[in-house]
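In: sequence unavailable; structure follows:
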């Protein structure tokens, strides 16, 4: 049986990460919104001052199996700062290929991001989920997440730089 490794992404993973970003966008019915390139992911995530950090879920084949490791999921996060609460971590994306869901891979990615948050002294772990994605909401709540939609009554402005 193959095992799963959750590890920090390497620059060489950018092609697989982009493929998974496109799959996530298709799942969310937003494929036309993906404008990022593999080169941008590489420059923005692996330079001297990265804009984001990423974990990948890699399936490691059992001994004797012919195929090599396969990236089947990712969690892309970055640090933000609250003037009231201090350091926060924001999970921008988490995605696991449909055929690998239900095996605890998403939970492992989230737990690893939470470990990073604790190691960096973050007071909050933030993420957003589409309101129709019940499976994801159920997972996050099972892991202890609280829905702050009404409590914070925030408006989100998109593309305000364009």
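Out: Arrived safely, thanks for sending. If you're wondering where the values come from, they're calculated on a predicted model, not measured in any experiment.
In: can you pull out the helices in the protein?
Out: 14-27, 38-45, 105-119, 134-142, 149-152 (DSSP state H).
In: what comes into contact with the fourth one?
Out: Residues outside helix 134-142 that contact it (C-beta atoms under 8 Å, 6 or more residues apart in numbering) are 94, 101, 106-107, 110, 127, 129-130, 147. The way it works is simple: take the backbone N, C-alpha and C, and place the C-beta from them, glycine included.
In: how about those, which pair is most distant?
Out: 101 and 147 (21.6 Å; C-beta to C-beta).
In: could you check the angle helix 38-45 makes with the strand ranked longest in the chain?
Out: Longest strand in the chain, counting residues (DSSP state E): strand 70-82. Counting by axes from the mean of the first three to the mean of the last three C-alpha atoms, to 10 degrees, strand 70-82 points 50 degrees away from the direction of helix 38-45.
In: buried residues, strand 70-82. List them.
Out: Neighbour counts over strand 70-82 (16 or more other C-beta atoms under 10 Å) mark 71-77 as buried.
In: now the end-to-end length of stretch 35-50.
Out: 19 Å (C-alpha to C-alpha, to the nearest Å).
In: hmm, who's touching it?
Out: 9-11, 14-15, 17-18, 21, 51-54.
In: what is the least confident helix or strand in this protein?
Out: helix 149-152 (a mean of 55; mean pLDDT, DSSP states H and E).
In: before we move on, back to that, partners of the longest strand of the chain in the sheet?
Out: When sheet partners are counted by DSSP bridges, strand 70-82 sits next to strand 53-60 (antiparallel), strand 86-96 (antiparallel).
In: run the chain-centre distance for the last one.
Out: Put plainly, it is strand 86-96. 6 Å (C-alpha atoms, centre = their mean, to the nearest Å).
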